[in-house]
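K.L.:
Below is the structure, and that's it, no one-letter string:
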C-alpha cells in the first residue's frame, strides 16, 4: 500500500511539474505582452524600458528557471495587471469556485444516482428511456448556450433570478445547473450501464435464487460493485467541473478562479495564468489520487492485492 | 408581480447584508443607487498604475484632474481654474482654492507637483507614462500656482492633463506615501464627487457621494461598478433592473432596448477606424494612384450602414470630427469602383494584385466584419487582400519591428492632429509607414506651435496633402452604445470615459 502511495505521489509531482513547463512556454507563444500594457502611442524605447522592468527581455530558459526556483519557495510572481502576488489572486477566488462546483457536483449526484438506479432496476421502462434522454440532452447542450437560455428565461423574462454576481443561493442556482448538466448526463449514463451489467451477473442471479429482496440486491450488491467505475468518472468530473467553471463563471460574471483565468489569458497576465494552471493541476491530481485510494475502501480485493 | 419580486429581492439584499454578506442585487435605480455594468473590473485604485478604461471609469468618480472635458468636448477648468503660457515652454496653472481630499488633506501646488513627480519617476512603472512624458518638471510658484515645464513647445498639454490621461489625476501626497503607495492602490482618496467605500474584487466597487465636493453636489447617493464581461449578461442585468448603465451594447441589440424600462444612448467615439498602407516596402501601395484607387473602391457608407446600423461617424481624414482642426468641409473619396479600376490601370495593375491585410480580431467593435467587407469591395476591383488575423501580442511584436506589411487596420484615437497624424504619418515615427517631406515640415510646425489659429492654418495645409497622397483610407469613428435605465439622465462622452457628476434619476 505504501509503495503504491509513494509511486502515485511521485507521479502526481511529475505531472504538476510537466504542466508548469507546458503552460510557461505555451502562453509565451502568443507574444510578449509589454506593448499591451502601454498606450498605443508608446514609443519603441518606452516598450523596451517596460519590457526590461518586467524582465521579459531575458532568454526564455532563464525566465523559466527563475520562475521555477521562485515557485519552489512559494513565490509565484506578481500579477502584471493587478500588481499583487499572482497566487494570492487565484487563492482568493478559490472559495467562490469551490462553492459553485461543489453545488454543481451535489446537484448532479442527487439527480443522477437515483435516476440511474431506478432506470437500471426498471430497464426498458418509460423512466429508463427518460434517463437516456436526459443523458443525451445533457451531453449535447453547450454550457454557453444553456447559460444564455437560462438567463433569458429566468432573468430577462420572468425576473426571478439575478443574471450575475455572487451572494446567495439565487446567484448560485443558474450557474450550478449549467455546470451540473454535463456531469449529470455522464454519471447517469455510466452508473445505469454498470448497474445493468452487474444485475445480469451470476452472483446476482444466485442472490435472487436465495430469495433476497430486490432492494437489498440493488443497494447491497449491485450498487457497491457498480460504484467503482462510477467513482472514477466522478473523480474525472471534478476536473471537468473546474474546467467548465471557466465558461460558466464568465457568462454569469461569477467571481471565481475561472473568470480570473479568462481575463488573465486575454490580458496576457502570465503569472496569473501560471498560478491558475498550477492550482488546477494540483487539485485534479489530488482528487485523482483520492479516487485511486478510495477503490480500496470499496473493494476489499484491491486492498489486499496492493 | 414585478414589484413584489423587486421587494423580495430588496429583503434578500437586506438580509444578506445583515448577515455580513454582499448584496445580491443592488436594487438599481432605487434608493439613490446607480449600478454601472461594464466588461472589466478595476485593476488598481491607483490612477497611475493601470492602463485600462474600465478602471479609469471608476477612478474618475473618485479623482479629478487639473482640467476636464465638458459635454461639448471642450477642455474646461477642474482643479485648475485658469492657465496661460508665459513662454512657449511653460504652462502655468492657477489652482482652485479650498479643495480638500476625502481624508482632509488640502489640495494645493504641492499635491500637483507630487502627483507628476511620482508618475514621471522612471522606476515607478506608470503604464501611461508616455501621455505625460512631455512634462519635464513641475515647479511650485506659490501655494496655488504651478508651472509645468516642457523641453519643446507642447500644444496638446491640456489633453495630457484631463481624465483620459490616467496618471494626471491628482493624488494626495501624504496618504499616497503611506505603505509605499499600497494604501492608495487599495483604498483610494481623491478630490472627486464620490468617495471610496469598498472593492470586492471581480464583484463590485462601491462609492458614495462626497457631500463636500467642490463642484455641483452629486445627485445620486451611491454608485456601484460591476464587472460583467459577457454582453448578454450585461443586457440581462439591465433588463431585469440590476443595472442602470450597461456599457458596450452591440448595434444589433439597440432596437430591443429602446422603449419600456430601458433606453439607449449612442455617441460617436474619438476612436478611428481606417486602413493604413505600408509605403516603405516595394509593393503597389507605393504608388499614390493605387492608394487613391483603394479609397474609391471601398463603399464605407454601405459598411457603416450594414455593420454598425448606421451609427458612428464617417470621417474624411484620419481625425475625429470633434478633434482639433477638423474641418467639416473636408470630404472623403466617393465610392466609385470604375474610377478605382481606371487608376489601377494607369498605375500598371489592370488585373489588380495580391496584398496582405493585417489586423486583429475582436479587439474593436465589429473589426473583423468590417475588414472582411472591405476585402470584398477590394476584390471587386481586382485587389486580392489576404487577411491575416494576428494575436495581440504578435501584433505588438511585429509593430515594434516595423513589420506591418501591406494594408493594416490598426485603430487609433486622439483629438488633435499632433496626436494622430504626427505618430502615424511623420517620416521615421515608429508607427509611421509613410513619408512626405512637405507633410513632415507641416507636422513639425503644428507640433511646435502653441497658438490655436496658427495651428489650424498649418493643419489645413497638411490636410490637402493627406487627401491627395492618400496614405490611409479614413473610415469611421465607431459608436459607443450604452443601454440605460429609462429613468436615468446621463449622457455618454466621445472619449468613452464615464462621468457621473451630472447623472440623476427622474
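P.N.:
Good, I have the coordinates. Keep in mind the model is a prediction, meaning the values are calculated, not measured. Residues are numbered from 1 along each chain as shown, chains lettered A, B, ... in the order given.
K.L.:
what sits against residue 286?
P.N.:
Just going to use chain A. By CB atoms under 8 Å, 6 or more residues apart in numbering or on different chains, the residues touching residue A:286 are residue A:12. Glycine gets a C-beta too; all of them are placed from N, C-alpha and C.
K.L.:
Not quite, go with chain B.
P.N.:
residue B:279.
K.L.:
Retrieve the pLDDT associated with it.
P.N.:
Model confidence at residue B:286, given as pLDDT, is 96.
K.L.:
do residue A:275 as well
P.N.:
Predicted confidence (pLDDT) for residue A:275: 94.
K.L.:
For it, which three-state class applies?
P.N.:
Three-state call for residue A:275 (DSSP: H, G, I helix; E, B strand; the rest coil): helix.
K.L.:
Tell me how far it lies from residue B:318.
P.N.:
Noted for residue A:275: a distance of 41 Å to residue B:318, by CB to CB, to the nearest Å.
K.L.:
Kindly report the same for residue B:352.
P.N.:
25 Å.
K.L.:
Quick check: the gap between residue A:284 and residue A:100.
P.N.:
16 Å.
K.L.:
oh, I was asking about residue B:372
P.N.:
Residue B:372 is 38 Å from residue A:100, where distance means CB to CB.
K.L.:
For those two, work out which one has more neighbours and name it.
P.N.:
residue A:100 (28 against 15; other CB atoms under 10 Å in any protein chain shown).
K.L.:
give me every residue that touches residue B:323.
P.N.:
B:270, B:414, B:415, B:416, B:417, B:420.
K.L.:
Spell out the secondary structure type for it.
P.N.:
Applying three-state DSSP to residue B:323 yields a three-state assignment of coil.
K.L.:
Any buried residues in the longest helix along chain A, and which?
P.N.:
Secondary structure assigned by DSSP state H gives helix A:86-121 as the longest helix of chain A. Across helix A:86-121, burial judged by 16 or more other CB atoms under 10 Å in any protein chain shown covers A:86-87, A:89-90, A:93, A:96-97, A:99-101, A:103-105, A:107-109, A:111-113, A:115-121.
K.L.:
which non-adjacent residue is nearest residue B:209?
P.N.:
In this structure, residue B:209 finds its nearest non-sequential neighbour in residue B:218, 4.4 Å apart by CB to CB, 6 or more residues apart in numbering or on different chains.
K.L.:
Check the gap between the one you found and residue B:32 for me.
P.N.:
Distance from residue B:218 to residue B:32, by CB to CB: 10 Å.
K.L.:
The two: which has the busier surroundings?
P.N.:
Comparing residue B:218 with residue B:32 by neighbour count (other CB under 10 Å), the higher total belongs to residue B:218, at 25 against 15.
K.L.:
pLDDT score for the residue of the stretch 351-500 of chain B found nearest chain A?
P.N.:
Residue nearest to chain A within the stretch 351-500 of chain B: residue B:393 (2.4 Å; CB to the nearest CB). Residue B:393 carries a pLDDT score of 78 in this model.
K.L.:
Other residues contacting stretch B:254-261?
P.N.:
Contacts of stretch B:254-261 (CB under 8 Å, 6+ apart): B:235, B:238-239, B:241, B:249, B:263-264, B:266, B:309, B:311, B:481, B:483, B:485-486.
K.L.:
In PyMOL, select just the buried ones from those.
P.N.:
Those of the contacts of stretch B:254-261 that count as buried under 16+ other CB under 10 Å are selected in PyMOL with:
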select buried, chain B and resi 235+238+239+241+249+263+264+266+309+311+481+483+485
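K.L.:
Quick check: helices, which of the contacts of stretch B:254-261 are part of them?
P.N.:
Using DSSP H, the contacts of stretch B:254-261 in helices are B:235, B:238, B:239.
K.L.:
Can you tell me which of these is nearest chain A?
P.N.:
Relative to chain A, the closest of the ones in helices among the contacts of stretch B:254-261 is residue B:239; by CB to the nearest CB it sits at 4.8 Å.
K.L.:
circling back to that earlier point, run through the buried residues of helix A:86-121 and flag the ones next to chain B.
P.N.:
Counting by CB under 8 Å from any CB of the partner chain, A:89, A:93 from the buried residues of helix A:86-121 sit close to chain B.
K.L.:
Name the residue of the stretch 201-350 of chain B with the shortest distance to chain A.
P.N.:
For the stretch 201-350 of chain B and chain A, the shortest gap (CB to the nearest CB) falls at residue B:202, measuring 3.5 Å.
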